[in-house]
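**Q** sequence and computational prediction follow.
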Amino acid sequence: MGLGQGSGWAPAGWTALISTAIICAYKVKEMYTTISAVWFNVIAMLATMMFVDDINQFLRAIEGMSTPKFTDKFIPLNLSVFPRREEREEDEQILNVSIPSPAPNFLVFMQIFMDPAKTIHLKAIYKKGMTWAALSNSAGILTRADRWLSFFFQLRPALTYALEAFCADPKWIEDKQHKIFYACLPKMGINRNILRRTRTLPHAFGGLGMFDLFIEILGRRLHFIWQWWGTDTNVGRVMYAAYEAFMKDHGLAEDVFSKDFEKFSQLT
């Protein structure tokens, strides 16, 4: 399918061939902001871009700015970032931000979707998992071996995508994960009422060897930190800035990870 929409190579191709080139062009034109981490004596650059499917509406707005009636005014460009209305919750918030632009007579007004309950990613994972289970159960031509193969090579990559940034209540994650397993196990030849710990236990210890989202999240985060921490890259400098902000936020000295989390958890 090439690099078009729906292709498995599309995310990597977009990052390597298009997104990186555009962000580098932004940096050349100095269309970025900086983040200073004074403790580590580093400065990180932040250059981002946004796009939507209705890009033709965006181009029409840009074209309209060149007309005489708009030349002496600031033009508000509204960029809305939030999921579909039917996926939103009552406690979710919208953060309005005005961003100055280097272009004359141009003002970007951004609406950023806030997810205080941190449930959007979890809902997406649960929906993908239950959809896969329904399709697998209804496909009569598939054997048990086919379903196990699909479980590890189709479902697992779909659910573990971008887990480095996944943040939700551990109880919610465990509940949704095992609801997916409960729905798909019978057609895979396994009693769905098997103990949860047996589902994710490795084969060497008598388990089924199913993936555990907790382990996946921990492993990916540790790998990300190990890969970028201390490197003279923009990602490494952003991590320095984030850690500095975290240290300033909780206000504790020394190694914060050696502190009693039960006692100081409210500071985080």
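**A** Received, thanks.
**Q** quick one: residue 207 and residue 201 touch, right?
**A** Yes. Using CB atoms under 8 Å, residue 207 is in contact with residue 201, at 2.4 Å. (C-beta placed from N, C-alpha, C; glycine too.)
**Q** which residues of the chain fall in helices?
**A** Using DSSP state H, the helices found in the chain span residues 10-13, 20-28, 55-64, 120-138, 144-150, 156-159, 170-184, 196-200, 213-228, 234-250, 261-264.
**Q** so can I have TSV of those showing mean neighbour count, distance to residue 40 and mean pLDDT?
**A** Formatted as TSV, the helices of the chain follow (neighbours: other CB atoms under 10 Å; distance: least, CB to CB, whole Å; pLDDT from 0 to 100):
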stretch	mean neighbour count	distance to residue 40	mean pLDDT
helix 10-13	13	31	70
helix 20-28	12	21	75
helix 55-64	11	38	46
helix 120-138	16	30	92
helix 144-150	14	46	95
helix 156-159	15	35	92
helix 170-184	17	31	93
helix 196-200	15	38	92
helix 213-228	14	14	91
helix 234-250	15	4	85
helix 261-264	9	23	83
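**Q** right, and the ones you listed - which one's nearest residue 42?
**A** With CB to CB, the closest approach to residue 42 among the helices of the chain belongs to helix 234-250: 4.4 Å.
**Q** elements contacting that closest one?
**A** With contacts taken as 3 or more CB pairs under 8 Å, 6 or more residues apart in numbering; DSSP states H and E, helix 234-250 sits against strand 33-37, strand 42-46, helix 213-228.
**Q** packing partners of the longest one?
**A** If I follow you right, that is helix 213-228. Using 3+ CB pairs under 8 Å, 6+ apart: helix 213-228 touches helix 170-184, helix 234-250.
**Q** need those in a markdown table (columns: distance to residue 36).
**A** Converted to a markdown table, the helices and strands packed on helix 213-228 look like this (distance: least, CB to CB, whole Å):
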| stretch | distance to residue 36 |
| --- | --- |
| helix 170-184 | 34 |
| helix 234-250 | 7 |
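**Q** quick one: closest of these to residue 195.
**A** helix 170-184 (10.4 Å).
**Q** give me the angle between that closest one and helix 120-138.
**A** 10 degrees (axes from the mean of the first three to the mean of the last three CA atoms, to 10 degrees).
**Q** report all helices and strands that helix 170-184 contacts.
**A** helix 120-138, helix 196-200, helix 213-228.
**Q** could I get these in TSV, plus columns for distance to residue 257?
**A** Listed next are the helices and strands packed on helix 170-184 as TSV, based on distance: least, CB to CB, whole Å:
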stretch	distance to residue 257
helix 120-138	25
helix 196-200	26
helix 213-228	12
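**Q** which residues does the residue lying closest to residue 128 once chain neighbours are set aside contact?
**A** The shortest distance from residue 128 to any non-neighbouring residue, by CB to CB, 6 or more residues apart in numbering, is to residue 158 (5.1 Å). Contact analysis of residue 158 by CB atoms under 8 Å, 6 or more residues apart in numbering lists 128-129, 132.
**Q** out of the helices and strands packed on helix 170-184, flag the one nearest residue 46.
**A** Going by CB to CB, the one of the helices and strands packed on helix 170-184 nearest residue 46 is helix 213-228, 15.4 Å.
**Q** tell me what angle the closest one forms with helix 170-184.
**A** Going by the same axes, to 10 degrees, helix 213-228 makes 120 degrees with helix 170-184.
**Q** and for helix 213-228, what are the contacting residues?
**A** 125, 159-160, 163-164, 166, 170, 173-174, 177, 200, 235-236, 239.
**Q** closest one of those residues to residue 26?
**A** Checking these against residue 26 by CB to CB gives residue 235 as the nearest, at 16.4 Å.
**Q** residue contacts, that closest one?
**A** By CB under 8 Å, 6+ apart, the neighbours of residue 235 are residue 228.
**Q** thank you, goodbye.
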